[in-house]
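> just to be clear, the model below is a prediction. Sequence and coordinates:
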Amino acid sequence: MKSKKPRIIKDFIARTLKYYNIPIKQEEVELFRYWEEIVGKQIAMHATPCIIKNGTLIIEVDSPTWRHQLNFMKKTIVDKINASLQSRVIRDIHFNINTKITSK
């Protein structure tokens with residue numbers, strides 16, 4: 001008879017990814033999980049990390065104004081992310097405008 005104990009979803013996901021040989025990079029998971037803490041609430045309200053490709057973080061922003069502002073802050077954001085992750089995961093950032101994102 002199978003146990004009716006609750007299972008932790010994190011363990012299920014980890015086993016599934018391992019079963020299908022899908023690599024998971026812990027640094028990337030941590031970036032998405034702690035985004036607001038890393039960049040601050042104000043930026044997180046207008047910018048959402050989407051994907052990391054070859055060391056470039058793709059971020060969607062809710063307006064051209066925020067894209068412009070964040071471009072000036074790019075190096076600072078990269079440094080904060082890498083310091084938080086204790087690894088040089090991100091080398092560059094690219095900002096895309098997505099007007100469907102609403103301020104949180």
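Yes, it's here.

> quick one, phi psi at L57?
Backbone torsions of L57, given as degrees, to the nearest 10, read phi -90, psi 120.

> er, Q86 I mean
According to degrees, to the nearest 10, Q86 has phi 50, psi 40.

> ok, Y34 - how many residues close by?
13 (other C-beta atoms under 10 Å). All C-beta spots, glycine's among them, are computed from the backbone N, C-alpha and C.

> was I right about it contacting A83?
No - Y34 lies out of contact with A83 (C-beta atoms under 8 Å); the separation is 11.9 Å.

> distance check, N98 against Y19.
Distance of N98 to Y19, given as C-beta to C-beta, to the nearest Å: 33 Å.

> actually, I52.
In terms of C-beta to C-beta, I52 sits 23 Å off from Y19.

> ok, the two, which is more surrounded?
I52 (19 against 8).

> wait, isn't the more buried one in contact with D92?
No - using C-beta under 8 Å, I52 is not in contact with D92; the gap is 10.3 Å.

> what about stretch 86-96, start to end distance?
End-to-end span of stretch 86-96 (C-alpha to C-alpha, to the nearest Å): 26 Å.

> next: stretch 54-69.
So stretch 54-69: terminal residues 24 Å apart, C-alpha to C-alpha.

> thanks again, I'm all set now.
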